[in-house]
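> quick one: sequence plus predicted model below, questions after.
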Amino acid sequence: SDALIPLVQPWPADLAERYRAAGYWRGETFPGILRDRAVRFAERTAVVAGEDRWTYAELNARAEKIAAGLLGLGLAPGDRVVIQLGNTAAYYAVVWGLFRAGLIPVFALAAHRLTEVAHFARKSQASAYVAVERYEGFDYRTLARELLAQPDIGVQHVVIAGDAAEFQSLDALPGAPGLLPTSDPDPQSVAFLQISGGSTGLSKLIPRTHDDYIYSFRASNEICGIGADSVYLVALPAAHNFPMSSPGALGVFYAGGTVVLSPSPSPDVAFPLIARERVTDLGLVPPLALLWAQAAERTPHDLSSLRVLQVGGAKLTLEAARRVVAALPVRLQQVFGMAEGLVNYTRLDDDEDTVLGTQGRPISPDDEVLVVDDHGQPVAQGQPGYLLTRGPYTIRRYHNDEPANARSFTEDGFYRTGDIVVQRASGHLIVQGRAHDHINRAGEKISAEEVEDLLLAHPQVFDVAVVSIPDEYLGERICAFVIPRQGEKPRPPEIKAWMRGRGVAAFKLPDQFVLVNAFEVTAVGKTSRKELRARLRADFIASQ
Ligand code: J2J
């Protein structure tokens, strides 16, 4: 098989030195944290999921067993492993197990299907796939079979939590403790690959190091007030960067607190869980926060244990923020983050105007933030511009994607976030929009281009433009303008069924289709996709 492309995240030596001298990068590693917490917090509850309730000692024992087992199958430290386990206890056992073994997790979301999982496996050159048997009605063993039948997939091992059918069962892995690495990895090495929200095309792979990621959640713990008494509810998909690290489950494990997994973010499921487990903290996307506010007003629930509700992933409008604080007995914290790095929080002692009206300010004094115009020049303070950033936990490059690297990073190493922001004199950012054509559907990021490419493969589609339309509940919804092939009358439900059959995440299916005869062309003749999308969106909104 092909040699593995090295995982690197090259900060210049002077900056790396500075981040260490400032105490951001402390040389901690994931296996080191696990070993330490398993002793320090041995009998405290680490994970609660359904009937499962594991102490730190138990979590560590399971992780070690999985680590030894995967190495026993023949995997070697540095190998990449795509994981897809939903919000299950096994997810954390596997994540810590991979860290313990020096294997590199690639964090697929449960909603991803064959198209996305195959892309992650190819780009990361994964040698294993670890999934749950079934989650939310979907059978991942079927996906595994289809994955193995794809070209250019190097996956040698499929491991399944639950009934494994013909695959390797997670509970019956071979391997002896003697196989476990006896030393910890280099703290500056890459620990895992996270998935980008994606602005153009398919998701990119984000290499995060031990040093940089651990700093981001350790500092988040301090800002968010997370400690050993915190009980954190994972209501969003556990593999997403927000509930993973801002401060997320990893922050809570770091502090010795308890992570409670909710199988669903709906109030009927989550409210009783909050009351039963005395949950103190959690994160939601804006549409869910509004739904929770409504549910809390309609029926009384015991939410008295809640301390902080974080809202992020997409813009929380001022009016929505007001509704949330009026209905829920918690302190609101806005979170504007990205899997590439930079995370902004409103602080727990910020005034109300700041908490309701901004998306927070950066974690680190060394997060460099630039707000620039079309020519890359800084705008006047208070003016909108494109957000560029670099700092002690923001990546310098994507893995195995040079075209994306050329687009996404400036010569001096700033990441182009694609977000349009206004910065207040206090440093707080207000998100105003986006430079790229991606759609933020209730916090799920969807590339217009990716959905267009999918639809263009449909036999009845001649041309298509995919745009975001403002939506009261979702924030934005996906609208596809379709020119049918001559004589064809494609039906939206059939197109959607066809897309599902191709194996793509359901959140990428258009919410709405508009059939048109042609795309109007300007006098000049050709228009860019970007202009076309902008015009279709403007005309559509005007016609509503
Ligand atoms: C407006 N847009 C926002 C916000 C993210 C914490 C929280 C969120 C993410 C995340 C994350 C927004 N208001 N409050 O990784 O650690 C949009 C921006 C941003 C993109 C990143 C975390 N919070 N966004 O959402 O990688 O457009 O990370 O660039 O999925 O989401 O998406 P993602």
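Perfect, thanks for sending it.
> list the contacts of F409.
Counting by Cβ atoms under 8 Å, 6 or more residues apart in numbering, F409 touches R396, R397, Y415, R416. Glycine gets a C-beta too; all of them are placed from N, C-alpha and C.
> correction: V234
With Cβ under 8 Å, 6+ apart, V234 has these contacts: N87, P243, G248, A249, V259, V260, L261, S262, L282.
> again, but for H157
H157 neighbours (Cβ under 8 Å, 6+ apart): L70, L73, G74, L75, S127, A128, Y129, Q168.
> any idea how far the fifth one is from the ligand?
Same thing as S127. Taking Cβ to the nearest ligand atom, to the nearest Å as the measure, S127 falls 26 Å from the ligand.
> thought G78 was touching that residue, still the case?
No - S127 is beyond contact range of G78, at 9.9 Å (criterion: Cβ atoms under 8 Å).
> those two: which is more packed in?
More crowded of S127 and G78, by other Cβ atoms under 10 Å: S127, with 24 against 15.
> grab the nearest non-local neighbour of the more buried one.
Distance criterion Cβ to Cβ, 6 or more residues apart in numbering; nearest residue to S127, sequence neighbours excluded, is D79 at 4.7 Å.
> just checking, that neighbour touches S124?
No - at 9.7 Å, D79 does not count as touching S124 under the criterion of Cβ under 8 Å.
> shared neighbours, those two?
I104.
> mind listing what the residue sitting nearest the centre point of the chain touches?
The structure's the chain has its C-alpha centroid closest to H240; by Cα atoms, centre = their mean the separation is 3.1 Å. Going by Cβ under 8 Å, 6+ apart, H240 touches L109, G313.
> got it, and R323?
Contacts of R323 by Cβ under 8 Å, 6+ apart are L290, A293.
> give me that answer again for 10 Å
For R323, the contacting residues are A289, L290, A293, Q294, E297, L316, T317, by Cβ atoms under 10 Å, 6 or more residues apart in numbering.
> of the residues you listed, which is the nearest to the ligand?
Of all those, the ligand sits closest to L316, with 6.2 Å by Cβ to the nearest ligand atom.
> what kind of secondary structure is the closest one in?
Look at L316: counting by DSSP: H, G, I helix; E, B strand; the rest coil, its state is coil.
> give me the element the nearest residue to V311 once chain neighbours are set aside is part of.
Residue nearest to V311 in three dimensions, not counting chain neighbours: A289, with 4.7 Å by Cβ to Cβ, 6+ apart. Per DSSP states H and E, A289 falls inside helix 286-298.
> pLDDT on that helix, on average?
Mean pLDDT, helix 286-298: 95.
> now do stretch 243-258
In this model, stretch 243-258 has a mean pLDDT of 98.
> mind checking if that stretch is in reach of the ligand?
Yes - legend: contact between stretch 243-258 and the ligand by Cβ under 6 Å from any ligand atom is shown at S245, S246.
> and that stretch, end to end?
The first residue of stretch 243-258 is 13 Å away from its last residue (Cα to Cα, to the nearest Å).
> among the contacts of H157, who's most crowded?
L70 (29 neighbours).
> ok, it - contacts?
76, 79, 81, 94, 97-98, 100-101, 103, 128, 130, 157, 159, 168, 170, 173-175, 179.
> let's see which of those end up in helices.
Members of the contacts of L70 lying in helices (criterion: DSSP state H): V94, G97, L98, R100, A101.
> give the contact list for the residue in the chain that the ligand sits nearest to.
Residue nearest to the ligand within the chain: G337 (2.6 Å; Cβ to the nearest ligand atom). Applying Cβ under 10 Å, 6+ apart, one finds that G337 lies in contact with 216, 220, 241-242, 245-246, 248, 283, 310, 312-313, 343-345, 359-360, 362-363.
> narrow the residues you listed to those in strands?
G283, Q310, G312, V343, N344, Y345, P362 (DSSP state E).
> re the thing from before, which of the contacts of F409 are buried? Put it as a ChimeraX command.
The ChimeraX selection below is limited to those of the contacts of F409 classed as buried (16 or more other Cβ atoms under 10 Å):
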select :396,397,415,416
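> can I get the contacts of F409 in TSV with pLDDT?
Formatted as TSV, those follow (pLDDT from 0 to 100):
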residue	pLDDT
R396	97
R397	97
Y415	97
R416	97
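> output the contacts of F409 in CSV, with distance to the ligand and secondary structure appended to each entry.
Shown next, in CSV, are these (distance: Cβ to the nearest ligand atom, whole Å; DSSP: H, G, I helix; E, B strand; the rest coil):
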residue, distance to the ligand, secondary structure
R396, 16, coil
R397, 16, coil
Y415, 10, strand
R416, 10, strand
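> what parts of the stretch 401-544 of the chain come near the ligand?
So the stretch 401-544 of the chain meets the ligand at T417, D419, V431, R434, N440, G443, K445 (Cβ under 6 Å from any ligand atom).
> what's the burial count for S266?
Counted with other Cβ under 10 Å, S266 comes out at 14.
> tell me the phi and psi of it?
Note on S266: its backbone torsions stand at phi -80, psi 140 [degrees, to the nearest 10].
> wait, isn't it in contact with P287?
No - applying Cβ atoms under 10 Å as the test, S266 and P287 come out as separate, 11.7 Å apart.
> could you tell me which ones among the ones in strands among the contacts of G337 also sit near the ligand?
Within these, those near the ligand by Cβ under 6 Å from any ligand atom are G312, V343.
> may I ask which two of the ones in strands among the contacts of G337 are separated the most?
Spatially, the most separated pair among the ones in strands among the contacts of G337 is G283 and P362, at 17.7 Å (Cβ to Cβ).
> the more surrounded of those two?
Ranked by neighbour count (other Cβ under 10 Å), G283 and P362 place G283 first, with 27 against 24.
> hmm, G313 and that one touching each other?
Yes - the criterion here is Cβ under 10 Å, and G283 meets it with G313 at 8.1 Å.
> any common contacting residues for those two?
With Cβ under 10 Å, 6+ apart as the test, G283 and G313 both reach L236, H240, F242, P243, S246, V335, G337.
> just the residues you listed: which are in helices?
The helices, defined by DSSP H, take in F242, P243 from the shared contacts of G283 and G313.
> whichever of the ones in strands among the contacts of G337 end up buried, select them in ChimeraX.
The following ChimeraX line selects those of the ones in strands among the contacts of G337 that are buried, judged by 16+ other Cβ under 10 Å:
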select :283,310,312,343,344,345,362
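> so can I have JSON lines of the ones in strands among the contacts of G337 showing pLDDT and distance to E146?
Below are the ones in strands among the contacts of G337 laid out as JSON lines (pLDDT from 0 to 100; distance: Cβ to Cβ, whole Å):
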{"residue": "G283", "pLDDT": "98", "distance to E146": "33"}
{"residue": "Q310", "pLDDT": "98", "distance to E146": "36"}
{"residue": "G312", "pLDDT": "97", "distance to E146": "34"}
{"residue": "V343", "pLDDT": "98", "distance to E146": "35"}
{"residue": "N344", "pLDDT": "98", "distance to E146": "39"}
{"residue": "Y345", "pLDDT": "98", "distance to E146": "40"}
{"residue": "P362", "pLDDT": "98", "distance to E146": "42"}
